[in-house]
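A.B. asks: Next come a sequence and a model predicted from it.
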Amino acid sequence: MAAPSHRRSLRSRRVLVVSAAAVAAAVGAGAVVMNANAGTVDLYHQTLAAKDGWASSGTGTTGGTKADAAHTFTVSTRAQLVKALGSASDTTPRIIKIKGTIDANTDDAGKKLTCADYASGTGYSLSAYLKAYDPSSYGTSKLPSGTQEKARAAAQTKQAKNIVFKVPANTSVVGVPGTGAGISGGMLQIQNVDNVVVRNLTFAATEDCFPQWDPTDGDDGNWNSNYDSVTLRGATHVWADHNTFTDAPHLDSANPKYYGREYQIHDGALDITKSSDLVTVSRNQFTNHDKTMLIGSSDSEPSGKLRVSIHHNIWKGIVQRAPLARVGQVHIYNNYYDVTTLNGYATQYSINSRAKAQVVAENNYWKVPTGGKVAKLLSGDGTGAVKGSGNLVNGTVTDVVAAYNAASSKDLKTTVNWTPALTSGLETSAKNLPTTLATTTGASVLK
């Protein structure tokens, strides 16, 4: 029989025979396929199932499933990961198995690196930076420039060289089950490449040692950081599945304030920008984070790209951008949003549709605490669309788009210019999502 619809196995011979009802249950719960001879299916060679979201379009997403033995790696240190990834321009299929947690802030010998190590030799110091660009003397009309800004940028470049991991085309990066697999403090950069799979990993503590002050950002200025845990820039056919994203252990509530604004060291969790296209984000957990998922980095990005499917994910303790969508055709279904404040992360909104984005949001479940406002679950700029159906709020079918529009001066459009067709695994009711997704999403679920 075929594998469950949210993924596909190449090892299809002699699988266990089960009833059609059991198959349907497995699809809904995200169960792992069992093989009669070998036990669990080989995660490292699994490919995205047919019709499972936008990433299944065209050639589909297979990652490194064709990798030979010479391009199959098991890594447990930063240096090993860098070597396994090789050149970002090498299209040879490769499978990278991450065993345990890799600390990106280490040198090639495994020694721990700190922010002070990255700043060393650049001339940067936070105290000098704060003195140089204090709004009371520097003003609020221009970005920082001069000696300390150059030093900050140089220190940031040093950190980037250490913590940014560039993923080549035709690659699967998969956590080894049972090892607590993940990357701490690092960023997977999937840029201008095709056909990448990222699965079964915990991404935590992705932090910028050197945020930039921008006095022109908003009414009061903001500290802006670099580095997403996973960033897609001009990437195509990407499947991100069964991962966990979190700021832990350093949560935003621990950030100090300078110039009266939070010194923000976290950027995005999983951002999809620069005309990336054909992406499926499935069965992940997003928790304890502010600006979580950006689809489209600019309102002026060209049309025809940024086609993304987001399904069967948990969003808990998320402030905003779950996701923020621009320009593209985005299908958001069978997700569970718990908008209860968690560890100081208070939800501003879940889904934002702007810059003429065409969002279909169906059969999602929102848990809203007492006193919470349904009108604040969505957001927009007056040009984006959200076609909603089958969405539940605390178990009750609710027109979340109508609730937003009733309270907003910038209405979301309620019709879109496309109809989702790549919907394998779509559940027509959201009522069981809080229960089923609790045990079938995130890292460490796959065996």
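C.D. replies: Great, that's in hand.
A.B. asks: okay, CA-based contacts and neighbour counts for the rest of this
C.D. replies: OK.
A.B. asks: Next, the contact list for Leu188, please.
C.D. replies: Going by Cα atoms under 8 Å, 6 or more residues apart in numbering, Leu188 touches 164-167, 228-231.
A.B. asks: Using the three-state scheme, assign it.
C.D. replies: strand (DSSP: H, G, I helix; E, B strand; the rest coil).
A.B. asks: So what sits opposite it in the bridge?
C.D. replies: Beta-bridge pairing for Leu188 (DSSP bridges): Phe165, Val230.
A.B. asks: max-length helix in this protein?
C.D. replies: helix 147-163 (DSSP state H).
A.B. asks: helices or strands up against that helix?
C.D. replies: Helices and strands touching helix 147-163, by 3 or more Cα pairs under 8 Å, 6 or more residues apart in numbering; DSSP states H and E, are helix 115-119, helix 126-132.
A.B. asks: hey, which of the ones you listed is tucked in deepest?
C.D. replies: helix 115-119 (a mean of 17; mean count of other Cα atoms under 10 Å).
A.B. asks: tell me which strands and helices that helix is in contact with?
C.D. replies: When contacts are defined as 3+ Cα pairs under 8 Å, 6+ apart, helix 115-119 packs onto helix 147-163.
A.B. asks: who's in contact with the helix it packs on?
C.D. replies: Helix 147-163 is contacted from outside by 104-107, 118-120, 122-125, 128-129, 132, 185-187, 208-210, 212, using Cα under 8 Å, 6+ apart.
A.B. asks: List only those of those residues flagged as buried.
C.D. replies: Buried members of the contacts of helix 147-163, counted by 16 or more other Cα atoms under 10 Å: 104-106, 118-119, 122, 124-125, 129, 132, 185-187, 208-210, 212.
A.B. asks: What is the neighbour count of Thr179?
C.D. replies: When neighbours are counted by other Cα atoms under 10 Å, Thr179 registers 12.
A.B. asks: Just the pLDDT for the nearest residue to it once chain neighbours are set aside.
C.D. replies: Take Thr179 and drop its neighbours on the chain: the residue closest to it by Cα to Cα, 6 or more residues apart in numbering is Gly100, 4.8 Å away. As predicted, Gly100 sits at a pLDDT of 98.
A.B. asks: hang on, Gly100 packs against Arg78?
C.D. replies: No - assessed by Cα atoms under 8 Å, Gly100 is found out of contact with Arg78, at 11.3 Å.
A.B. asks: From the neighbour counts alone, determine which of the two ranks first.
C.D. replies: Neighbour count, other Cα under 10 Å: between Gly100 and Arg78, Arg78 has more, with 24 against 20.
A.B. asks: quick one: contacts for the spatially closest residue to Leu324 that is not a sequence neighbour?
C.D. replies: Leaving aside its chain neighbours, Leu324 sits nearest to Asn352 (4.5 Å; criterion: Cα to Cα, 6+ apart). For Asn352, the contacting residues are 321-325, 378-380, by Cα under 8 Å, 6+ apart.
A.B. asks: ok, so of these, who is nearest Val445?
C.D. replies: Closest approach between the contacts of Asn352 and Val445, by Cα to Cα: Ala322, at 22.0 Å.
A.B. asks: what's around the closest one, how many residues?
C.D. replies: Other residues near Ala322 number 26, with proximity taken as other Cα under 10 Å.
A.B. asks: ok, now the one 10 residues further on?
C.D. replies: Ile332 has 25 neighbours, counted by other Cα under 10 Å.
A.B. asks: Three-state assignment for it, please.
C.D. replies: Using three-state DSSP, the structure places Ile332 in strand.
A.B. asks: Identify the bridge partners of it.
C.D. replies: Counting by DSSP bridges, the residues bridging with Ile332 are Ile310, Ala361.
A.B. asks: so who does it touch?
C.D. replies: Per Cα under 8 Å, 6+ apart, neighbours of Ile332: 309-311, 359-362, 364.
A.B. asks: Most neighbours out of the residues you listed, which is it?
C.D. replies: Highest neighbour count within the contacts of Ile332, by other Cα under 10 Å: Val359, with 32 neighbours.
A.B. asks: circling back to that earlier point, out of the contacts of Asn352, which two sit at the greatest distance?
C.D. replies: The span of the contacts of Asn352, defined through Cα to Cα, is set by Ala322 and Gly380 at 12.7 Å.
A.B. asks: who's in contact with stretch 240-256?
C.D. replies: 197-206, 229, 262-266, 269, 280-289, 343-345, 441-446.
A.B. asks: For the residue nearest to Leu324, what is the enclosing helix or strand?
C.D. replies: Assigned by DSSP states H and E, Asn352 falls within strand 351-354.
A.B. asks: Can you give the distance of that strand from its chain's centre?
C.D. replies: Distance of strand 351-354 from the chain centroid (Cα atoms, centre = their mean, to the nearest Å) equals 16 Å.
A.B. asks: Sheet-wise, list the partners of it with their directions.
C.D. replies: Under the rule (DSSP bridges), strand 351-354 has strand 324-326 (parallel), strand 378-380 (parallel) as partners.
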